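>>> Just the structure for this:
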Amino acid sequence: MKKLSIAVQMDPIQDIEPTGDSTFAMMLEAQGRGHDLFYYNPSSLAFENATVKASVAPVEVMDRPKGEHFVTGEFRDTDLSRFDVILQRQDPPFDMNYITITHMLEHLHAETLVVNAPAEVRNAPEKILVMEFPDLMPPTLITRDRDAIVAFRDIHADIIVKPLYGNGGAGVFFISEGDQNLASLIELFEQNYTEPFMIQKYLPDVRKGDKRIIIIDGEPVPVGLNRIPAKGEARSNMHVGGRPELSELTAREREICATIAPALKERGFIFVGIDVIGDYLTEINVTSPTGIREIKRFGGPDIAALILDAIEKRR
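Got it, this is the predicted structure:
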């Protein structure tokens, strides 16, 4: 096995919660395989004279509580082309800053493998990429048009309204049939978001769970993480009280994966997380998918190892 130099582009490492952080799991796995590991924050990126640089430090990670989980060496301005692999792992929002970063990383030479590929990430926002598979989705509308939103609610009764480029369940609202707050919510979204909004038919099956399924280089992991919403909560995200449980893929979920996998593989996505409620695909996450530490903790496979296997295969 070739020893790789791997730089991780991520949010401040001191702020992550190591027990549940997927990026941290990938770093532990890379380090355990003997690869050279480095860290930088995307805020330090610079594009100068056709060179993409950042303030980069060697990092050692330890599977310990927050505050004891990492040690860095000296930060130095470094040409990112010197690395074999860059893990692009900062969280959304998928805003102009995020998009600009993908443009910068795209200028690295072909010998540097960026995971996931920045141009493909930029062209595949998770709530828009999923629209390529209408037969797998619940009824969905993307618009800022008030009349269209009202008409959609008249047809589908209970709906979910969410920002197009948010993450982690932030700004997700359940509007039931007859709820008189829809107009006020649209006003709030108009004031806070410049882009269209996503409106979906509410799926009662969400009470049974919103399953995160991981797809590695076009191959689905055979078990997923089902996240069951807390009582009185429409969102299933774990940081808002969703209860996680390991769940084998159903026949329908395997069918969904088989349908979308060729498109994901064609785009070169190594690490993808999809969300399924009942029989429906709701999102395809290619920016910074999560859930792999929880899957392993509940007795599932070591997905970080599968990701590193896929990376090493390409290097």
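>>> Could you find the closest non-adjacent residue to residue 214?
Take residue 214 and drop its neighbours on the chain: the residue closest to it by CB to CB, 6 or more residues apart in numbering is residue 221, 4.5 Å away. The C-beta positions use only the backbone N, C-alpha and C, and glycine is treated the same way.
>>> ok, now residue 82?
Of all residues not flanking residue 82 in the chain, residue 5 sits nearest, at 7.1 Å (CB to CB, 6+ apart).
>>> pLDDT value on residue 231, please?
Residue 231 is assigned 74 on the pLDDT scale.
>>> on that earlier part again, okay but the residue nearest to residue 82 is in contact with residue 34, surely?
No. Using CB atoms under 8 Å, residue 5 makes no contact with residue 34, being 11.4 Å away.
>>> So for the two, which residue has more residues nearby?
residue 5 (15 against 10; other CB atoms under 10 Å).
>>> Domains in the chain, by residue range?
Structural domains of the chain, as assigned by automatic domain parsing, span the residue ranges 5-118, 126-130+205-308, 139-202.
>>> got JSON lines for those domains, with distance to residue 314 too?
Shown next, in JSON lines, are the domains of the chain (distance: least, CB to CB, whole Å):
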{"stretch": "domain 5-118", "distance to residue 314": "6"}
{"stretch": "domain 126-130+205-308", "distance to residue 314": "8"}
{"stretch": "domain 139-202", "distance to residue 314": "27"}
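>>> shaky segments in the stretch 1-150 of the chain?
Judged against pLDDT under 70, the stretch 1-150 of the chain has no low-scoring part.
>>> Which parts of it are helices?
For the stretch 1-150 of the chain, the helices defined by DSSP state H, counting those that start in this stretch occupy 22-32, 96-105, 118-122, 126-129, 146-156.
>>> For the first one, what is the distance to the chain centroid?
So that's helix 22-32. Computed by CA atoms, centre = their mean, to the nearest Å, the chain-centroid distance of helix 22-32 equals 16 Å.
>>> on contacts alone, who are the packing partners of it?
Applying 3 or more CB pairs under 8 Å, 6 or more residues apart in numbering; DSSP states H and E, one finds that helix 22-32 contacts strand 5-9, strand 36-40, strand 51-61, helix 292-297, helix 303-314.
>>> Of the ones you listed, give the one that comes closest to residue 82.
Distance to residue 82, taken as CB to CB, is lowest for strand 5-9 among the helices and strands packed on helix 22-32, at 7.1 Å.
>>> tell me what that closest one is packed against?
helix 22-32, strand 36-40, strand 51-61, strand 85-88.
>>> Let's have those in TSV, adding mean neighbour count and distance to residue 202.
TSV is the format used below for the helices and strands packed on strand 5-9 (neighbours: other CB atoms under 10 Å; distance: least, CB to CB, whole Å):
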stretch	mean neighbour count	distance to residue 202
helix 22-32	22	28
strand 36-40	22	41
strand 51-61	19	40
strand 85-88	23	33
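>>> now these as TSV including distance to residue 72?
Output for these, formatted as TSV (distance: least, CB to CB, whole Å):
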stretch	distance to residue 72
helix 22-32	12
strand 36-40	6
strand 51-61	4
strand 85-88	16
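>>> between these, which gets nearest to residue 95?
Residue 95 lies closest, by CB to CB, to one member of the helices and strands packed on strand 5-9: strand 85-88, at 15.0 Å.
>>> circling back: quick one: closest of the helices of the stretch 1-150 of the chain to residue 251.
helix 126-129 (23.6 Å).
>>> Show me what the closest one is in contact with.
By CB atoms under 8 Å, 6 or more residues apart in numbering, the residues outside helix 126-129 that reach it are 94, 142, 162, 164, 165, 198, 283, 284, 285, 286, 287.
>>> tally of neighbours for the closest residue in space to the second one that isn't next to it in sequence?
Spatial nearest neighbour of residue 142, chain neighbours left out: residue 196 (5.0 Å); criterion: CB to CB, 6+ apart. A count of neighbours around residue 196, defined by other CB under 10 Å, yields 18.
>>> what's the answer for residue 46, then?
12.
>>> Report the beta-bridge partners for it.
residue 53 (DSSP bridges).
>>> isn't it right up against residue 54?
Yes. Between residue 46 and residue 54 there is a contact under CB under 8 Å: 6.9 Å.
>>> can you map out the strands along the stretch 101-250 of the chain?
With DSSP state E, counting those that start in this stretch as the criterion, the stretch 101-250 of the chain has strands at 113-115, 140-143, 159-163, 173-175, 197-201, 210-216, 219-220, 223-228, 243-248.
>>> nearest to residue 260, of those?
Closest to residue 260 of the strands of the stretch 101-250 of the chain, according to CB to CB: strand 210-216, at 7.9 Å.
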